[in-house]
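Asker: Show me how the following folds:
(2 chains)
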There are 2 protein chains.
Amino acid sequence: MNGADTLIKTFLNCEVDVCFTNPGTSEMHFVAALDKETGMRSVLGLFEGAVTGAADGYGRMAGKPAATLLHLGPGLANGLANLHNARRARTPLVNVVGEHATYHRHLDAPLTSDIAGFASPVSSWIRVSESADQVAADGAAAIAAARSAPGQIATLILPADTAWTETDAGVAALPAVAAPTAPAQDPARLVDVLRSGEPVALLLNGAATSGPGLTLAGQIAQATGATLVGDTFISRIARGAGRPGVERLPYFAEQAIEFLSRFAHLVLVDTKAPVSFFAYPGVPSELTPDGCTLHSLAAPGEDAVGALAALVEALDATTTSAGPASLAPPAAPTGELTPEKIAQAVGHLLPEDCIVVNEAATGGFAIPAMTAQSAPHDWLDLTGGAIGMGIPAATGAAIACPDRHVLNLQADGSGMYTLQALWTQAREGLDITTIIFANRKYAILQVEFMRVGAHNPGRRAMDMLELDRPELRWVELAAGMGVPGEQVTTADALVAALGRSLSTPGPYLIEAVI
Amino acid sequence: MNGADTLIKTFLNCEVDVCFTNPGTSEMHFVAALDKETGMRSVLGLFEGAVTGAADGYGRMAGKPAATLLHLGPGLANGLANLHNARRARTPLVNVVGEHATYHRHLDAPLTSDIAGFASPVSSWIRVSESADQVAADGAAAIAAARSAPGQIATLILPADTAWTETDAGVAALPAVAAPTAPAQDPARLVDVLRSGEPVALLLNGAATSGPGLTLAGQIAQATGATLVGDTFISRIARGAGRPGVERLPYFAEQAIEFLSRFAHLVLVDTKAPVSFFAYPGVPSELTPDGCTLHSLAAPGEDAVGALAALVEALDATTTSAGPASLAPPAAPTGELTPEKIAQAVGHLLPEDCIVVNEAATGGFAIPAMTAQSAPHDWLDLTGGAIGMGIPAATGAAIACPDRHVLNLQADGSGMYTLQALWTQAREGLDITTIIFANRKYAILQVEFMRVGAHNPGRRAMDMLELDRPELRWVELAAGMGVPGEQVTTADALVAALGRSLSTPGPYLIEAVI
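Answerer: The predicted structure follows:
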């Protein structure tokens, strides 16, 4: 076996069996090694932003890392924005970045660059594999790093000769994975706060928004009257009928401060004290109101589920209901198409166990409320603010969960960043419905332009924020990559199109003009 | 004036009057400042790879920097691959990267990242502007850095409060720009080499491939019998009738070594000793054959034109002709469409003063020979190997040279990386014809797979290198972004379509199926 063979076999040995790829010459031995291992699913993306975004969506849904295969520094660079999002989502993810042969690096050939430099801002773990004998162990170490709590990005740089040289090193086993640590402070100390009679919010993210963590949070809320609040952007949250309801911290700083002013206590569960997404002149950046006391139940990297369980126990609430929402989806909308009607159509038709990938931006404001009592579903947000996550992440989520439908709620401006992932959806025949919120502008920026106090919104400035000259024609863009679709301009047409798409295998794109 | 106002006015004062943009919230004051200055042309791109690639094409043709406006770390990250190409092309270019307000950075909001870390691998100059009083001077320093020989990338990081705070600092003037230095060794020492009767090649790039440098190189070749050879990938070269002919160093290492074995001496003019693009098992990475002696006339950063002039003087060749090519374009091709026929059609129809942006990859092998005696034109290569340069660079070249037609020879796989730039072409009404070489595969990788000795090219491996499942439909992709086009499958249809496009204003895309 050569180094590449030992690396792929090590990945499979460590339960990494999906590789999102866009290879180049320096990765050809890795591709040859992939070819031999039928247990490894290779998924090609036509741009690295599609590759890394898919690995993010996969990791969030699979709960284990996918690998990416990227071509040298520029290939990694093209994937960095979605790696930034994955870092913020704490997604486990292993990058394999091809590099020139060890003896070729110093020659400064055209594609030579500082790969570790590019990787550093998004990676918790970086290693250059300097010999074929070492690559299997390096690969296993990368996976262990990626799986370490709370979920990390590991980047393995693989010189071409490390891949192509024969080795007797064999396949490596997974080293110890760092588990979440016990919370620094005793969860039971918060019983008095929760029983104080003062208004308390639990601010949730990470392990507290899905699975047993969310159920435990629901029990605490039911037993004490506390309010469950999610961060504005959450890596993955279970929602809909049968799940405890979770309010969301508003996006705009003033609204978030106003929202939090209801509470005397804010208990952080797998998240940090809330801060404004951007700074605005004259508006505080730290959102916790003066009269509100912060408490930490579990910081990121600490065992949030264990802490929640300990608190449930201390509250004597182990048999309390988690307060599941009932099933009560909205009726089908009719008439003129508006963002509210899109939300209503989604809430009406959302199928059971659907995965919602939300990058709808301003157009999606009504969707959380309209889907709160729809069929149970998982929901993935844009965690890092780097637009262009939606289409790729939907692709990766569908690879992770082949039996579930994926619904991608997608702003048009953001969708243009990584539209190439539609091709992968067609190629892999994935059950993904994309709804494009076609407002033909960077609407959030038109709002923000005023909010930051940049007065005089002249024509030339607004021109930088509008996408209607020329209009994007999403149905043709999708068709160009093999994804069928249609444009809808009424709520009735949207309901019909969405219903058809959800019952038809394969990807589909609906351009909803608003 | 606020900091953003002083920065824009300083840019205009330093003759930077084009800004390629994709702004976000943290750049809204810069956008507002742009709005007030009608002398500054703002060009919106729907993805930052389109923005930076356009700035590269602009800088190569204008000979001065454009600015880019990028949104925080992820916005910069999306533009890094084309900044890598621009670095290799030595293109003068100034990035303005918005950052959170100075007091907001430490809060680690979702979009916070290590911007300088992302910028470092591609930038020769990086500065964070820490106050509104400083931003004008910082902007002028960035432009001076970008214009310093041999052309550099300068990245100015602009915290939002630095932009929005009022200042009395005023507009800054351009500081001293570093000129090329005199060559370390006397050019005249090479007279003996050139007169030795042994075969000599001048290996050219940078200032030696266009303008007075190329004429001087031509005089040396005519006076001494030396051969003019260009690097495999050149930032900008003047070609066609009236210009000295320049052979090109072949791409593949074995062919390059064979090619160079004809020469006893290799004289480097504004370039480095040739190295292989990639390493291959058993093939040397350094391409200069054992029997060939290397000489440096001018290293990058040294005054190549001055060195060439001194050598012409020493050779007593100041009145020698530069050996211009005659005008003898090929006849129009007919019949089945092949890569050779595309080249022939291009050579036949190439209009005078056209700018050719070449990212045709394997499909373009016949174009240099077929255009060597076409009408005079400028030619821009993919200098850094980071695919996705063509459509954006063509966009920027057209902005720099509004009176010239731009012809983008574009591989399909590479074109998919930054297809968003087609929208900017439509929006700005640019005279650009894009020919897509639609072979529906990463053809170069199918060659490289064999060459690197990765045997057993199984179906699963080849599947990673083919783009035909589903087929890309470029005419629909272009139409989706407002660019008209057509697919051609015969040489006759290509000639007709290309002829029409070259005589019609605005962008056009021809998908040439091969």
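
Asker: Now residue A:470: closest residue in space that isn't a chain neighbour?
Answerer: Nearest in space to residue A:470, with sequence neighbours left out and distances taken as CB to CB, 6 or more residues apart in numbering or on different chains, is residue B:482 at 2.9 Å. For every residue, glycine as well, the C-beta is placed using N, CA and C.

Asker: scratch that, residue A:230 is what I was asking about
Answerer: residue A:246 (4.6 Å).

Asker: dump the residue contacts of that neighbour.
Answerer: With contact set as CB atoms under 8 Å, 6 or more residues apart in numbering or on different chains, residue A:246 has these partners: A:204, A:209, A:214, A:217, A:228-230, A:237, A:239.

Asker: How many neighbouring residues does the residue of the stretch 301-450 of chain A found nearest chain B have?
Answerer: The stretch 301-450 of chain A approaches chain B most closely through residue A:386 (3.4 Å), counting by CB to the nearest CB. Per other CB atoms under 10 Å in any protein chain shown, the neighbour tally for residue A:386 reads 30.

Asker: From what I see, it and residue B:70 are in contact.
Answerer: No: between residue A:386 and residue B:70 there is no contact under CB atoms under 8 Å: 11.9 Å.

Asker: hmm, back to that, could you check how far the residue nearest to residue A:470 is from residue B:43?
Answerer: Going from residue B:482 to residue B:43 by CB to CB, to the nearest Å gives 15 Å.

Asker: Of those two, which one has the most company?
Answerer: residue B:43 (24 against 19).

Asker: Excluding chain neighbours, what is closest to that one?
Answerer: Using CB to CB, 6+ apart, the nearest residue to residue B:43 is residue B:20, at 5.0 Å.

Asker: which residues sit against the helix or strand hosting that neighbour?
Answerer: Taking DSSP states H and E as the criterion, residue B:20 maps to strand B:18-21. By CB under 8 Å, 6+ apart, the surrounding residues in contact with strand B:18-21 are A:464, B:11, B:27, B:31, B:34, B:40-45, B:51-52, B:54-55, B:58, B:62, B:66-69, B:96, B:396, B:399-400.

Asker: For those, which PyMOL command selects only the ones that are buried?
Answerer: In PyMOL syntax, the buried subset of these is picked out as below (16 or more other CB atoms under 10 Å in any protein chain shown):
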select buried, (chain A and resi 464) or (chain B and resi 11+27+31+34+40+42+43+44+45+51+52+54+55+58+62+66+67+68+69+96+396+399+400)
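
Asker: now for the strand or helix carrying residue A:51, which elements pack on it?
Answerer: For residue A:51, the element it lies in under DSSP H and E is helix A:48-62. On a contact count with 3 or more CB pairs under 8 Å, 6 or more residues apart in numbering or on different chains; DSSP states H and E, helix A:48-62 meets strand A:18-21, strand A:66-71, helix A:72-89, strand A:93-99, strand A:377-381, helix A:390-400, helix A:421-428.

Asker: How far away from the center of its chain is the last one?
Answerer: Taking CA atoms, centre = their mean, to the nearest Å, one finds helix A:421-428 lying 19 Å from the centre of the chain it belongs to.

Asker: Within range of chain B, give me the residues from the stretch 201-350 of chain A.
Answerer: Selection of the stretch 201-350 of chain A residues close to chain B by CB under 8 Å from any CB of the partner chain yields A:233, A:272, A:275-279, A:281, A:285-286.

Asker: can you give me the offset of stretch A:90-100 from its chain's centre?
Answerer: Distance of stretch A:90-100 from the chain centroid (CA atoms, centre = their mean) equals 17 Å.

Asker: quick one: is that stretch near chain B?
Answerer: Yes: using CB under 8 Å from any CB, stretch A:90-100 reaches chain B at residue A:100.

Asker: Give the rounded mean pLDDT of that stretch.
Answerer: For stretch A:90-100, the mean pLDDT works out to 98.

Asker: that older thread, dump the helix holding residue A:51 to CSV, restricted to CA.
Answerer: Listed next in CSV are the C-alpha coordinates belonging to helix A:48-62 (Å, rounded to 0.1, in the frame of the first residue of the first chain):
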residue,chain,number,x,y,z
GLU,A,48,-14.8,23.9,-3.1
GLY,A,49,-17.4,26.1,-1.4
ALA,A,50,-19.9,23.4,-2.4
VAL,A,51,-17.5,20.7,-1.0
THR,A,52,-16.9,22.2,2.4
GLY,A,53,-20.5,23.3,2.8
ALA,A,54,-21.7,19.8,2.1
ALA,A,55,-19.3,18.5,4.7
ASP,A,56,-20.7,20.9,7.2
GLY,A,57,-24.3,19.8,6.5
TYR,A,58,-23.2,16.2,6.6
GLY,A,59,-21.4,16.5,9.9
ARG,A,60,-24.3,18.3,11.6
MET,A,61,-26.7,15.6,10.6
ALA,A,62,-24.5,12.5,10.8
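
Asker: pLDDT weak spots in the stretch 151-300 of chain A?
Answerer: Confidence mapping of the stretch 151-300 of chain A against pLDDT under 70 gives zero matching residues.

Asker: In helices, which of the contacts of residue A:246 appear?
Answerer: When DSSP state H defines the helices, the subset of the contacts of residue A:246 inside them is A:214, A:217.

Asker: so which of the contacts of residue A:246 comes closest to chain B?
Answerer: When the contacts of residue A:246 are compared against chain B (criterion: CB to the nearest CB), the nearest one is residue A:230, at 14.0 Å.

Asker: How far does stretch A:186-197 stretch from one end to the other?
Answerer: 21 Å (CA to CA, to the nearest Å).

Asker: What are the contacting residues of it?
Answerer: Residues contacting stretch A:186-197 (CB under 8 Å, 6+ apart): A:200, A:220, A:224, A:226, A:264-265, A:267, A:293, A:295, A:297-298, A:307-308, A:310-311, A:313-315.

Asker: Residue A:142 is in contact with residue A:177, correct?
Answerer: No: taking contacts as CB under 8 Å, residue A:177 lies outside contact range of residue A:142: 11.7 Å.

Asker: Just the buried ones from the contacts of stretch A:186-197?
Answerer: A:200, A:220, A:224, A:226, A:264-265, A:267, A:295, A:297-298, A:307-308, A:310-311, A:314-315.

Asker: ok so, going back, any idea of the pLDDT on the residue nearest to residue A:470?
Answerer: Looking at residue B:482, the pLDDT reads 98.

Asker: chain center to stretch A:391-408: distance?
Answerer: 11 Å.

Asker: that older thread, mind giving me the PyMOL command for buried ones among the residues of the stretch 201-350 of chain A next to chain B?
Answerer: The buried subset of those, as determined by 16+ other CB under 10 Å, is captured in PyMOL by this line:
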select buried, chain A and resi 233+275+276+277+278+279+285
